[in-house]
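> I'd like to go over a predicted model; first the sequence, then the structure.
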Amino acid sequence: MNRLDRALLLLLTPVWLVAFALSVRSLGRDEVVAPFRATGAASASAYPRVSRIPEWTIVPDRAAERLRAGDALVEIGGVDARGASAPRAIALAWDGMDASGALALVVERDGARLPLVARIPGTIPKWPVLAVSLAFAATALVALLRFPHLRVARLGFPALMGAAIWTGSYFGTTPAEWLAAFALRAGSLCFLQPAAVRALRSFPDGVDRVPWARGWPALLGLNGVLLVDGTMGGVLPDGVASQAGRAFAVVGGALFAAICAVRYRAANRTDRRRFKWLFLGVLVGTAPGAMVALASAVRPELGRWFLPSQLAQLAIPLALYVGVTRHRLFDIDRLLDATVVAVAGLALLVGAALFAGPAAARALEAAGLSGGAARLALGVGGAALVAPAALAARRRLDDWVLRDRRARRARARAARAALALREAARGRRDGGGRARGRARRARRGMSRRDRRPRRVRGRRR
């Protein structure tokens, strides 16, 4: 390890240990999201104001009970919010939320003070992300300390530890601790994506073959800044920070895909298997979270499953370990085919349940089925429709893989046969020449003047 590697080891490891220990200590307090976005108080005697209502906030049926943009927040969770900044208002909301996702507010609207209750779908258990954080940190530390001579282990350490800090900083029992945890997550997000791009450029052989992706991917670190601005109500207009964050996520995904494509084309057969293991881990690890994020855009109450869905990210360090150390453990091509088909089928089921499910359930209930029976019938019917198509797609992909393998083996056999024929033809053509060459080499021991044997150390050669 060089000085930079030792410095990162001594810096990132204690930060993760402290954040993880604080998160374990506050494990009994679930994670929450704020039911509003706020702007800070204009003066010490003023109150913060609601700037926007997020899509996950539950809207009451009665208009008078709804929280509106422009309301002055007099009390948040029973605490006087006079003079509070936007981060302070959000932290008070995090701290004042009860276990059912309800937050007691007192707002000032049109000169009158009104007691309101803002609700979110529910609190979010944080233990799944802590398990993921432990797996990332263990992978990073074991790889660096066990294989310090491998460049890919040294480059992967900052990215893996950044992911461990990002998923392990969910501590907080007071408003100040909530804000500190949020700031640490935002800072780790600024560091994580550029470090991941730097590691991916040299995966898996440690040689950087993507020179065009140097330097400028550090701009992806702006994701952390946009997270702070969108959550705390910063300088950007309402909604701009969230849209810019999504755009940066798309750009980052495209960059990762381009780097993987370049590295895969330049890799040998073994390194390609390792890339497939990495892709398998990323696919399994990110697909559930992506599905929950898309589903929560349609049905906000499903957003509470986002952190539990991150438990699937355990597949990423596991796939990295298997790909680097045991890449021949399974038939990765067929395993990857089955995973792609399963993820696609699950995405179809989730999409159908979100968009067509409510209307179909109402139709079945109108036909006389109870709510539970209608949902069960829809689930069984959707699975019966998707399963045959998934099995057929799996067979087609397996056939394609097997045909590709047979073609590669045939090409390899043809190349070996052609090489053997060329060697045999060269041997027949140069057979006499080799005999003459042996004779010339035997005569090198004779002097040029009289071709008599020279004496070497007192004896003939």
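Nice, thanks for sending it over.

> what segments of the stretch 251-400 of the chain are helices?
Along the stretch 251-400 of the chain, counting by DSSP state H, counting those that start in this stretch, helices occupy 269-298, 306-309, 315-325, 332-355, 357-366, 371-429.

> run the chain-centre distance for the second one.
Distance of helix 306-309 from the chain centroid (Cα atoms, centre = their mean, to the nearest Å) equals 13 Å.

> tell me what it is packed against?
helix 127-146, helix 269-298 (3 or more Cβ pairs under 8 Å, 6 or more residues apart in numbering; DSSP states H and E). (C-beta placed from N, C-alpha, C; glycine too.)

> out of these, which gets nearest to A64?
helix 269-298 (27.1 Å; Cβ to Cβ).

> returning to that earlier point: how about a markdown table for the helices and strands packed on helix 306-309, with mean neighbour count and distance to D229 added?
A markdown table is the format used below for these (neighbours: other Cβ atoms under 10 Å; distance: least, Cβ to Cβ, whole Å):
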| stretch | mean neighbour count | distance to D229 |
| --- | --- | --- |
| helix 127-146 | 20 | 23 |
| helix 269-298 | 18 | 19 |
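
> ok, which of the ones you listed comes nearest P204?
helix 269-298 (4.4 Å).

> let me see the mean pLDDT of that closest one.
Helix 269-298 carries an average pLDDT of 86.

> which strands and helices sit next to it?
helix 240-266, helix 306-309, helix 315-325, helix 332-355.

> do you know which of the helices and strands packed on helix 306-309 lies nearest G351?
helix 269-298 (8.4 Å).

> between helix 240-266 and the closest one, find me the angle.
Interaxial angle of helix 269-298 relative to helix 240-266 (axes from the mean of the first three to the mean of the last three Cα atoms, to 10 degrees): 160 degrees.

> just to revisit the earlier point, adding mean neighbour count, distance to P60 and mean pLDDT as columns, could you present the helices and strands packed on helix 269-298 in JSON lines?
Listed next are the helices and strands packed on helix 269-298 as JSON lines, based on neighbours: other Cβ atoms under 10 Å; distance: least, Cβ to Cβ, whole Å; pLDDT from 0 to 100:
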{"stretch": "helix 240-266", "mean neighbour count": "15", "distance to P60": "24", "mean pLDDT": "86"}
{"stretch": "helix 306-309", "mean neighbour count": "20", "distance to P60": "24", "mean pLDDT": "83"}
{"stretch": "helix 315-325", "mean neighbour count": "20", "distance to P60": "40", "mean pLDDT": "88"}
{"stretch": "helix 332-355", "mean neighbour count": "17", "distance to P60": "23", "mean pLDDT": "81"}
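
> a markdown table for those helices, including distance to E55?
As requested, the helices and strands packed on helix 269-298 are exported to a markdown table (distance: least, Cβ to Cβ, whole Å):
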| stretch | distance to E55 |
| --- | --- |
| helix 240-266 | 10 |
| helix 306-309 | 13 |
| helix 315-325 | 28 |
| helix 332-355 | 14 |
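
> A19 is nearest to which of the ones you listed?
Of all those, helix 306-309 comes closest under Cβ to Cβ, at 15.6 Å.

> how about the helices of the stretch 51-200 of the chain, start to end?
Ranges of helices in the stretch 51-200 of the chain, per DSSP H, counting those that start in this stretch, are 86-96, 127-146, 151-168, 175-200.

> mean pLDDT and distance to L219 for those - can I get that in JSON lines?
Shown next, in JSON lines, are these (pLDDT from 0 to 100; distance: least, Cβ to Cβ, whole Å):
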{"stretch": "helix 86-96", "mean pLDDT": "88", "distance to L219": "25"}
{"stretch": "helix 127-146", "mean pLDDT": "91", "distance to L219": "24"}
{"stretch": "helix 151-168", "mean pLDDT": "91", "distance to L219": "16"}
{"stretch": "helix 175-200", "mean pLDDT": "89", "distance to L219": "8"}
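
> could you dump those helices to CSV with distance to R113?
Below are the helices of the stretch 51-200 of the chain laid out as CSV (distance: least, Cβ to Cβ, whole Å):
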stretch, distance to R113
helix 86-96, 17
helix 127-146, 38
helix 151-168, 40
helix 175-200, 23
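
> wait, which of those helices is closest to T339?
Nearest of these (Cβ to Cβ): helix 127-146, 18.9 Å.

> poorly predicted segments of the stretch 351-461 of the chain, please.
Applying pLDDT under 70 to the stretch 351-461 of the chain picks out residues 356-386, 390, 394, 427-461.

> swap in 50 and give it another go.
445-451, 453-454, 456, 460-461 (pLDDT under 50).

> contacting residues for the residue nearest in space to the middle of the chain?
Centroid-nearest residue in the chain, with Cα atoms, centre = their mean: T286, separated by 5.6 Å. Counting by Cβ atoms under 8 Å, 6 or more residues apart in numbering, T286 touches A312, Q313.

> got phi/psi on G28?
phi -70, psi -10 (degrees, to the nearest 10).

> quick one, which of the helices of the stretch 51-200 of the chain gets closest to V24.
The nearest among those, by Cβ to Cβ, is helix 127-146 at 6.7 Å.

> and the gap between the residue nearest to R88 when sequence neighbours are not counted and M97?
In space, and not counting its chain neighbours, R88 is closest to P175: 6.9 Å by Cβ to Cβ, 6 or more residues apart in numbering. Going from P175 to M97 by Cβ to Cβ, to the nearest Å gives 12 Å.

> quick one on the thing from earlier: look up how far R416 lies from the residue nearest to R88.
Separation of P175 from R416 (Cβ to Cβ) stands at 71 Å.

> the two - which one has more neighbours?
Taking other Cβ atoms under 10 Å, P175 and R416 do not tie; P175 has more neighbours (22 against 10).

> doesn't A131 make contact with F20?
No - using Cβ atoms under 8 Å as the test, F20 is too far from A131 to be in contact (10.8 Å).

> residues touching L283, list them.
If a contact means Cβ under 8 Å, 6+ apart, then L283 has T339, V340, V343 as its contacts.

> can you put those residues in CSV and add distance to G281?
Below are the contacts of L283 laid out as CSV (distance: Cβ to Cβ, whole Å):
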residue, distance to G281
T339, 10
V340, 13
V343, 13
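
> closest one of those residues to R408?
Nearest to R408 among those, with distances taken as Cβ to Cβ, is V340, at 20.7 Å.
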